[in-house]
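Trainee: need a 3D model of the following:
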Amino acid sequence: MLSVLLSWLYITLLSFLYGWNTLCFMKRVSLEESSVRIAFPLIPLLGLAEISVLTGYLSLVMGIALTANLIVILGALVMTWFNRSDLFKLSSLWQEHRFDLITLTVLFLILVLKSAVAITTYGTETAMFHSDTAYYHAPSIRWIEQYGLVPGLGNLLPPLAVDYLWFQPQALFSFSFFLKQPLHALSGWTVFFAFWYALGGLKELSQKPWRFSTLFRILLLLPLLELSNYIVSASGDEPAAIFTLVTLALACLYVEQEEEGNSTEFLQFILIILALFTVVIKWSVLPLLLIPIYIIYKQAAQLNKSMMIVSLSLFPIILLPKLIRSIFLSGYLIYPLPNLDLFNFDWKMPVGVVVSEKKYIETMSRITFDKPGELLTGGLMAWFPSWFEHVRSTPLSIGLGIALLMLILTAIGRLSNLLPLIRCYRMVYLTTLLGIVYWFWAAPSLRFGYGFLIAAVLLLTIPACLELSLAIKFLPTIPYLQSLMSILIIVITFNTCPQALPGYALGTGIVVSDFYPRQLSLFRHRQKPLDAWLYQDDYPHPKLFTVIMNGIHIHRPLRGQLCWNAPLPCTPYLYQPILARGVSLKDGFRASAGNLGGLSSDRIVQEWKQQKIREKKP
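Mentor: Numbering: from 1, shown residues only. Presented below is the predicted three-dimensional model:
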């Protein structure tokens, strides 16, 4: 656990320096002083986005380990040197947020404890968030740590070509070059700063009338409680949802400031970076690009050429490492879209494999089905009834229903107020609506669209909350309101824990349990290693055997298909034989013809059938 705390301090310092120096740069190029105060937690979140893009570029030429850390540190020091004249202002920033730090320190420690829980725990039934962490998240990060970019890596295992720009910072901050096991605690860090940002809105509740952006910001506390259940996973689903919600909250503030005629250049810059970064984490949030497009449209209307140039330049800067990595990992511009077949490199994955993987993702996101692709050929009614039957009873669906009812009642009572409100925030509403439509069309698993779905709940609820604030003539000012709410959040967070391999990753509701007392009891009775107080618990070490294919020594799990953090290369099976492109693993792999031998998927299929038989037995 101590390693998690130290890593969070390191990540915070580096990310803050990158974010703060960026704001200093914007102050120099901006034609007018921004009238919007940037919330302190947004600065390190902005910095993390920039570090992620930087490590994306570094991964093209090197492994993301010690040398990459030194380069990132050097970049922070150089930028700080150029902005050294603004360092004295940091003391005022500390004074402004000193009270917040007192209350949030406790939350910080609780989230450290949560992020440090075992991936697989001793003496409990709690398991890691979902099997994809063991299947390809952790292996992808290890490849990035050791080699950076490996051409044709998707030929070894197709999901290794699914490249989130979340894996690069995970590799940077895993510290595998001196820790005995990789440290994947970045998701917990992100949840903490998102919590901090949401809590900051509580200070504005005593001001009447309530702002739309304030309510959106505060209501983020509820989905963050659920997102904090899964921070032991290296998945890209949670950070994509977190950054989606934070970006939409900032978009609400941007709309308000524009309506009031205030300068918003800082907000525009931050919004564009966060929106683009969220998209390169996961393509499933692609409609979020509507926000930077809208901002650039407004800049063009205002004839702000300098800001337009800066804004447009951010698109290739942030998107390029994602696209280059996809080309090298799979041979396709965007994986797994076989229609974007623009290249003919020797490492290119066979089109049949890419089509199969695409059908698998589309099918399994709708309903579990034995033969991917067959379900989709039957059209919408072949899968929608079963999908809807499962989804409609989830807390997320219930929340959407209640929020929609609240909006209808608000429309009946005060339609004259509701329509101008929706018109004012139409950019936020439209982005969320397009996000849900795109999610439903592409892959409607709740965890893929969690950010937009939760945003819809908030956007449907807020109009009723605003009407309530107008109806309340007297709103008592409660001293230390933020402290009281922080304590409440801490108590709830302390008593939540991740579910054991939920069928749907998100949208399952907050789980209350005695997880942490049991963990402390395991320490007390020495059932858990004492060095767990120092380290995040290691991944399991699956039993492996080695298969030689065309001179390549490939590790394979003895049972199941989870490699975890096994030595490279590791894969449970191959779609087709592969050949090495050179003498080193960094040279990558290319598909070949021939016999799969010991790397056939037959064993996996047999194990899966046996499991199904066991599940059917009474």
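
Trainee: just checking, what packs against the host helix or strand of residue 75?
Mentor: Using DSSP states H and E, residue 75 sits within helix 66-82. Applying 3 or more C-beta pairs under 8 Å, 6 or more residues apart in numbering; DSSP states H and E, one finds that helix 66-82 contacts helix 2-29, helix 42-58, helix 167-172. For every residue, glycine as well, the C-beta is placed using N, CA and C.

Trainee: nearest to residue 261, out of those?
Mentor: helix 2-29 (19.8 Å; C-beta to C-beta).

Trainee: can you point out the buried residues in that closest one?
Mentor: By neighbour count with 16 or more other C-beta atoms under 10 Å, helix 2-29 contains the buried residues 3-5, 7-8, 11-12, 14-24, 26.

Trainee: kindly report the same for stretch 357-369.
Mentor: Here stretch 357-369 shows 357-363, 365-367, 369 as buried, counting by 16+ other C-beta under 10 Å.

Trainee: again with stretch 553-561
Mentor: Buried residues in stretch 553-561, defined by neighbour count with 16+ other C-beta under 10 Å: 554-557, 560-561.

Trainee: do you have the helices of the stretch 101-250 of the chain handy? List them.
Mentor: 132, 138-147, 167-172, 186-199, 212-219, 221-227, 237-259 (DSSP state H, counting those that start in this stretch).

Trainee: out of the ones you listed, which one sits most buried?
Mentor: helix 167-172 (a mean of 28; mean count of other C-beta atoms under 10 Å).

Trainee: using PDB, write out every CA atom in it.
Mentor: Taking C-alpha atoms only, helix 167-172 is exported to PDB below (Å, rounded to 0.1, in the frame of the first residue of the first chain):
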ATOM      1  CA  PHE A 167      -1.900   1.600 -21.400                       C
ATOM      2  CA  GLN A 168       1.000   3.900 -22.000                       C
ATOM      3  CA  PRO A 169       0.700   6.000 -18.800                       C
ATOM      4  CA  GLN A 170      -0.100   2.700 -16.900                       C
ATOM      5  CA  ALA A 171       3.300   1.400 -18.200                       C
ATOM      6  CA  LEU A 172       5.000   4.600 -17.300                       C
END
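
Trainee: could you list the residues in contact with it?
Mentor: Applying C-beta atoms under 8 Å, 6 or more residues apart in numbering, the contact partners of helix 167-172 are 48, 51-52, 55-56, 58-59, 64-65, 68-69, 72, 137, 140-142, 144-145, 184, 186, 234, 236.

Trainee: in the protein, what spans have low per-residue confidence?
Mentor: 1, 29-36, 91-130, 206, 230, 368-376, 469-530, 532, 615-618 (pLDDT under 70).

Trainee: give me the most central residue, it.
Mentor: Among the residues of the chain, the one closest to the centroid is residue 239, at 1.7 Å (C-alpha atoms, centre = their mean).

Trainee: contacting residues around it?
Mentor: Per C-beta under 8 Å, 6+ apart, neighbours of residue 239: 166, 186-187, 190, 281.

Trainee: go with 7 Å
Mentor: By C-beta atoms under 7 Å, 6 or more residues apart in numbering, the contact set of residue 239 is 166, 187, 190, 281.

Trainee: sorry, back to before: need the max-distance pair from the buried residues of stretch 357-369.
Mentor: Farthest pair in the buried residues of stretch 357-369, by C-beta to C-beta: 357 and 367, 17.6 Å.

Trainee: quick one: secondary structure of residue 537?
Mentor: Following DSSP: H, G, I helix; E, B strand; the rest coil, the label given to residue 537 is coil.

Trainee: so what's the residue count around it?
Mentor: By other C-beta atoms under 10 Å, the residues close to residue 537 number 19.

Trainee: surely residue 343 touches residue 326?
Mentor: No - between residue 343 and residue 326 there is no contact under C-beta atoms under 7 Å: 10.5 Å.

Trainee: who has more neighbours out of those two?
Mentor: residue 326 (22 against 13).

Trainee: measure that one to residue 247 for me?
Mentor: Separation of residue 326 from residue 247 (C-beta to C-beta, to the nearest Å) stands at 23 Å.

Trainee: cool, and residue 193?
Mentor: Distance, residue 193 to residue 247, using C-beta to C-beta: 14 Å.

Trainee: how about residue 228?
Mentor: Counting by C-beta to C-beta, the gap from residue 228 to residue 247 is 19 Å.

Trainee: same check, this time on residue 603
Mentor: 44 Å.

Trainee: same thing with residue 45?
Mentor: 10 Å.

Trainee: so what's the spatially closest residue to residue 594 that is not a sequence neighbour up against?
Mentor: Spatial nearest neighbour of residue 594, chain neighbours left out: residue 577 (4.3 Å); criterion: C-beta to C-beta, 6 or more residues apart in numbering. Counting by C-beta under 7 Å, 6+ apart, residue 577 touches 549-550, 592-596.

Trainee: likewise residue 144?
Mentor: By C-beta under 7 Å, 6+ apart, the residues touching residue 144 are 59, 64, 167-168, 171.

Trainee: for stretch 435-445, the distance to its chain's centre please.
Mentor: Stretch 435-445 sits 17 Å away from the centroid of its parent chain (C-alpha atoms, centre = their mean, to the nearest Å).

Trainee: in that stretch, which residues are buried?
Mentor: 435-436, 438-439, 442-445.

Trainee: next: stretch 590-610.
Mentor: Quick answer for stretch 590-610 (16+ other C-beta under 10 Å): 590-591, 596, 599, 603.

Trainee: do the same with stretch 575-584
Mentor: 575, 577-581.

Trainee: ok, so of the residues you listed, who is nearest residue 149?
Mentor: Closest to residue 149, out of all of the buried residues of stretch 575-584 and judged by C-beta to C-beta, is residue 581, at 12.8 Å.

Trainee: which residues touch that closest one?
Mentor: Taking C-beta under 7 Å, 6+ apart, one finds 151-152, 347, 587-590 in contact with residue 581.

Trainee: how about residue 155?
Mentor: 347, 349, 578, 589-591 are the contacts of residue 155 under C-beta under 7 Å, 6+ apart.

Trainee: try it again at 6 Å.
Mentor: Residues near residue 155 by C-beta atoms under 6 Å, 6 or more residues apart in numbering: 349, 578, 589, 591.

Trainee: then residue 598?
Mentor: Residue 598 makes contact with residue 547 under the criterion C-beta under 6 Å, 6+ apart.

Trainee: the chain should start at 22 in everything you say after this.
Mentor: Taking 22 as the first residue, the last one we looked at is residue 619.

Trainee: ok, it to residue 570 distance?
Mentor: The value you get for residue 619 to residue 570, if C-beta to C-beta is used, is 8 Å.

Trainee: returning to that earlier point: please list only the buried members of the contacts of residue 602.
Mentor: 172-173, 368, 609-611.

Trainee: I'd like to know how many residues surround residue 373.
Mentor: So residue 373, with other C-beta under 10 Å, has 11 neighbours.
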